[in-house]
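*Asks:* Next one to model:
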Amino acid sequence: MSDNTDIQTLRRLLKSHHTIAMVGLSANWYRPSYFAAKYLQEYGYRVIPVTPSYDEILGEKCYPSLAAIPEPVEVVDCFRRPEEIPALAEQAIQIGAKVLWMQLGIVNEDAARIAREAGLEVVMDRCMKIEHGRLFGGLNWAGVNTKVVSAQRPQWLPY
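*Replies:* The predicted model follows:
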């Protein structure tokens with residue numbers, strides 16, 4: 001089953017949580033995780049890379065695990081295979097995260113249940129970058145039908 005998170009919830013999550021631990025972030029510019037992280041940084045989000053493969057990505061120190069991050073994390077954004085997500089849900093709970101976010105193509109109902117039972121909000125099969133652009137005005141400028149009808153204009157766009 002894919003995600004059924006409503007637009008208001010997605011908008012609230014993206015508006016109120018700005019510290020993101022991105023698990024599986026790649027230093028390769030052509031990878032989707034890199035592109036998403038760079039976009040989110042440009043819109044004021046703090047992206048903390050969680051990958052043992054690199055020392056630094058996009059000017060941020062990399063950490064080998066969620067537990068190694070020395071500061072509070074609000075969102076755990078997962079660029080990992082679905083079978084790895086339950087363990088990441090447990091780690092997200094342990095570090096006090098507020099949201100477990102699974103990227104496009106990643107659905108794991110067990111991980112979602114674990115996270116929800118611990119009080120985390122869960123988003124599955126969605127990209128933070130795409131949802132941000134769709135809900136806050138980044139995609140409609142390019143003529144993309146975002147399927148969002150709203151009288152609310154993004155607050156940070158100059159009009």
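
*Asks:* now the chain, which segments are flagged as low pLDDT?
*Replies:* Flagging of the chain using pLDDT under 70 yields the residue ranges 1-3, 138-159.

*Asks:* So for this protein, the centremost residue is which one?
*Replies:* residue 77 (3.9 Å; CA atoms, centre = their mean).

*Asks:* give me the element it is part of.
*Replies:* Counting by DSSP states H and E, the element that carries residue 77 is strand 75-78.

*Asks:* And for residue 21?
*Replies:* Per DSSP H and E: residue 21 is located in strand 19-23.

*Asks:* Neighbouring strands of that strand in the sheet, and parallel or not?
*Replies:* The partner list of strand 19-23 in its sheet, established with DSSP bridges, is strand 46-50 (parallel), strand 75-78 (parallel).

*Asks:* can you list the residues that contact that strand?
*Replies:* Around strand 19-23, the neighbours that count as contacts under CB atoms under 8 Å, 6 or more residues apart in numbering are 33, 36-37, 40, 45-51, 63, 66, 69, 71-80, 88, 95, 97, 128. From N, CA and C alone the C-beta is placed, and that goes for glycine too.

*Asks:* Could you pull out the strands in the protein for me?
*Replies:* Here the chain has its strands, by DSSP state E, at 19-23, 46-50, 56-57, 60-61, 75-78, 99-102, 121-123.
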